[in-house]
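Novice: fold the following.
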Amino acid sequence: MTNSKIIKNRFINISNRRDIFFIFLAFLVILIFYFAPTPSGLTHNGKLMIGILLMAAILWITEPIPLAVSGLFIMIIQPLLRIIPPDEVFSSFGNQAIFFLIGAFILASAIEKHGIHRRIALKFLSYFEQSPRFLTLGIMVSCAFLSFVMPEHGVAALFLPIVISILIAMKIVPKKSNFGKVSLLSIAYGCSIGSLGTLIGGARNPLTVGVLSDLGINVTFFDWMVYSMPVVIISLPLVWLVLQFTFPIELNDITAAKKEIKNQVSIAGKMKKNEYTILIILFITIFLWVFFSSDKFFGLAVIAVLGSILLFLTGIINWTDVEKRVPWGIILLYGGAITLGIGIQKTGAGTWIANALFNVAGVNPFVVLLIMIIFTVLLTNIMSNIGAVAILLPIGIAIAAEIPEISPLFASMTIALSGGLAFMLVIATPGNAITYSSGYFSTKDLFKAGSIANILCILIIFIVAAVYWMGFLNL
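Specialist: Numbering: from 1, shown residues only. Below is the predicted model:
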């Protein structure tokens with residue numbers, strides 16, 4: 001056996017042992033909580049839901065099994081332990097936010113299949129050719145804009161080959177050039193910040209809307225943009241400046257970059273009939289989302305599914321395209337996250353956790369707000385952001401029930417937006433992992449810029465929440 005095979009087999013064995021350990025640990029947590037005495041003020045079922053919450057955190061942070069499988073397991077363990085009946089658990093999977101997510105993914109798959117996102121990206125970049133710094137701003141702004149209309153990981157995957165082709169044309173050496181580092185980090189951070197702006201950018205956004213809908217709070221597509229866009233608009237230029245100061249760009253000439261962008265634009269050619277059709281359907285769908293997505297009209301899910309059906313009726317996509325491109329595992333993870341939140345609310349576990357937090361932090365709304373933001377940002381840097389938001393939403397809603405100044409909508413928006421700010425670690429978001437795979441920056445570079453960007457964005461969300469949401473919108 002060759003040395004490479006020996007190393008590979010050892011790695012597999014280590015990986016398997018690691019996975020088995022964390023699966024065992026997750027089950028051990030449930031076992032401990034099942035037999036442990038019930039704390040004062042908490043029901044037996046509430047205690048079990050806290051155990052399931054910790055189990056979910058272990059599975060979602062360490063990922064010993066696929067996230068989708070963890071979502072399914074979280075669904076079935078609640079009726080298995082007789083916490084919530086099966087019909088109630090599985091009915092939660094019919095939440096309209098899930099069908100909004102499916103429709104949004106189908107729309108994104110059509111955009112990806114016909115390359116419209118690539119055409120839009122190149123067109124945007126062509127407006128930022130004046131200087132190396134301005135080009136990196138163009139990368140970040142373009143990624144953020146595209147993340148308004150398709151999932152952030154798809155945008156990162158699109159921009160990676162475009163930007164790398166530009167860097168190769170400029171003869172940029174990986175890890176040796178600050179321009180290369182800033183260019184790739186601009187993709188990751190632009191996607192993350194842009195994903196906050198609309199309900200399409202990240203699965204945690206419709207998850208939040210779905211949880212609020214179960215509480216009788218309706219958040220439309222336009223409402224979400226009103227709440228979130230100030231964070232996006234303020235964060236983009238400031239995080240870009242963080243990158244400029246952290247990694248001062250050493251280049252002045254980008255003639256080669258201009259030539260490469262123009263070359264790729266010419267290869268794309270003229271717009272085709274199918275591309276125009278997709279843009280028209282996308283425009284109609286977004287128009288309906290913005291103006292007719294309240295419960296008084298059609299709702300988010302109906303409009304998303306309508307847009308998807310129009311794509312099929314016009315022959316733009318077929319079901320094979322959808323099977324290939326829609327991340328069905330996210331849907332299953334999403335279902336498990338919703339049932340987890342409902343279980344924590346119904347059993348009173350969230351209220352008990354909130355009261356425990358008050359014993360430590362007090363009930364000052366601004367202190368509690370800052371703690372929620374910091375804790376969410378830290379958690380989302382070490383696990384899936386949808387998992388982090390799913391864990392913290394029911395706790396935030398329970399906190400809102402105890403503090404008059406904080407409403408369920410206020411707490412949920414705080415957690416949802418904070419859950420998208422994972423800048424420090426490779427594992428934090430698909431965008432970080434995708435851009436790190438290019439080899440143009442190190443994990444140390446990511447942590448160096450990301451830690452400063454995270455501190456800055458924590459302050460931005462805190463100020464927007466305290467001044468704009470509380471003061472002007474009265475959330």
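Novice: quick one: residues contacting the residue nearest to the spatial centre of the chain.
Specialist: Geometric centre of the chain, nearest residue: residue 202, 3.9 Å, by Cα atoms, centre = their mean. With Cβ atoms under 8 Å, 6 or more residues apart in numbering as the criterion, the residues that contact residue 202 are 151-152, 195-196, 385-386, 420. (C-beta placed from N, C-alpha, C; glycine too.)
Novice: quick one: contacts of the helix or strand residue 278 falls within?
Specialist: Per DSSP states H and E: residue 278 is located in helix 273-292. For helix 273-292, contacts defined as Cβ under 8 Å, 6+ apart pick out 107, 110-111, 114-116, 119, 149, 199, 220-222, 225, 298, 300, 303-304, 306-307, 310-311, 314, 316.
Novice: average pLDDT for stretch 444-461, rounded please.
Specialist: Along stretch 444-461, the predicted confidence averages to a pLDDT of 93.
Novice: how about residues contacting it?
Specialist: Taking Cβ under 8 Å, 6+ apart as the criterion, the residues outside stretch 444-461 that touch it are 175, 181, 185, 188-189, 231, 234-235, 238-239, 242-243, 246-247, 370, 373-374, 377, 381, 414, 417-418, 421, 423-426, 432, 436.
Novice: drop anything exposed from those.
Specialist: Among the contacts of stretch 444-461, the ones that count as buried by 16 or more other Cβ atoms under 10 Å are 181, 185, 188-189, 231, 234-235, 239, 242-243, 246-247, 370, 373, 377, 381, 414, 417-418, 421, 423-426, 432, 436.
Novice: per-residue pLDDT of residue 227, please?
Specialist: You'll see residue 227 listed with a pLDDT of 95.
Novice: and what of residue 306?
Specialist: On the pLDDT scale, residue 306 is placed at 93.
Novice: kindly report the same for residue 2.
Specialist: Each residue has a pLDDT score; the one for residue 2 is 51.
Novice: again with residue 5
Specialist: The pLDDT attached to residue 5 in the predicted structure is 52.
Novice: and what of the one 5 residues further on?
Specialist: You'll see residue 10 listed with a pLDDT of 41.
Novice: name all residues that make contact with residue 110.
Specialist: Residues touching residue 110, when contacts are defined by Cβ under 8 Å, 6+ apart, comprise 278, 281, 311, 316-317, 321.
Novice: need the max-distance pair from those.
Specialist: 281 and 321 (14.5 Å; Cβ to Cβ).
Novice: helices of the stretch 351-475 of the chain, residue ranges please.
Specialist: 365-380, 385-402, 408-418, 430-436, 443-463 (DSSP state H, counting those that start in this stretch).
Novice: any idea which helix or strand comes after the helix or strand bottoming out on mean pLDDT in the chain?
Specialist: Comparing helices and strands within the chain by mean pLDDT, DSSP states H and E singles out helix 3-35 as the least confident, with a mean of 73. As assigned by DSSP H and E, the chain's next helix or strand after helix 3-35 is helix 44-62.
Novice: can you list the buried residues in that next one?
Specialist: Within helix 44-62, the residues scored as buried using 16+ other Cβ under 10 Å are 45-62.
Novice: any idea of the mean pLDDT in that helix?
Specialist: The model assigns helix 44-62 a mean pLDDT of 87.
Novice: likewise for stretch 193-211?
Specialist: Across stretch 193-211, the per-residue pLDDT values average to 88.
Novice: cool, and stretch 70-88?
Specialist: Computed over stretch 70-88, the mean pLDDT rounds to 89.
Novice: residues near the nearest residue to residue 310 once chain neighbours are set aside, how many?
Specialist: Closest residue in space to residue 310, ignoring its immediate chain neighbours: residue 281 at 4.9 Å, by Cβ to Cβ, 6 or more residues apart in numbering. Here the count is done by other Cβ atoms under 10 Å, and residue 281 has 21 residues near it.
Novice: same deal with residue 270?
Specialist: Neighbourhood size, residue 270 [other Cβ under 10 Å]: 5.
Novice: residues in contact with it?
Specialist: When contacts are counted by Cβ under 8 Å, 6+ apart, residue 270 touches no other residue.
Novice: what strand or helix carries it?
Specialist: Mapping residue 270 onto the secondary structure by DSSP H and E places it in no helix or strand at all.
Novice: ok, back up a step: give me the nearest residue to the residue nearest to the centre of the chain, chain neighbours excluded.
Specialist: In space, residue 202 comes closest to residue 195 once its chain neighbours are excluded; the distance is 4.1 Å by Cβ to Cβ, 6+ apart.
Novice: right, and the one you found touches residue 189 too?
Specialist: No - taking Cβ atoms under 8 Å as the definition, residue 195 is not a contact partner of residue 189, at 10.7 Å.
Novice: kindly provide the distance from the closest residue in space to residue 204 that isn't next to it in sequence to residue 376.
Specialist: By the measure of Cβ to Cβ, 6+ apart, the closest residue to residue 204 outside its immediate chain neighbours is residue 389, 4.2 Å from it. Remark: distance between residue 389 and residue 376 (Cβ to Cβ, to the nearest Å) = 7 Å.
Novice: what of residue 197?
Specialist: Between residue 197 and residue 376 the distance is 18 Å, computed by Cβ to Cβ.
Novice: who's more crowded, the two?
Specialist: For residue 197 versus residue 376, the count of surrounding residues by other Cβ under 10 Å is larger for residue 376: 28 against 25.
Novice: good, wrapping up.
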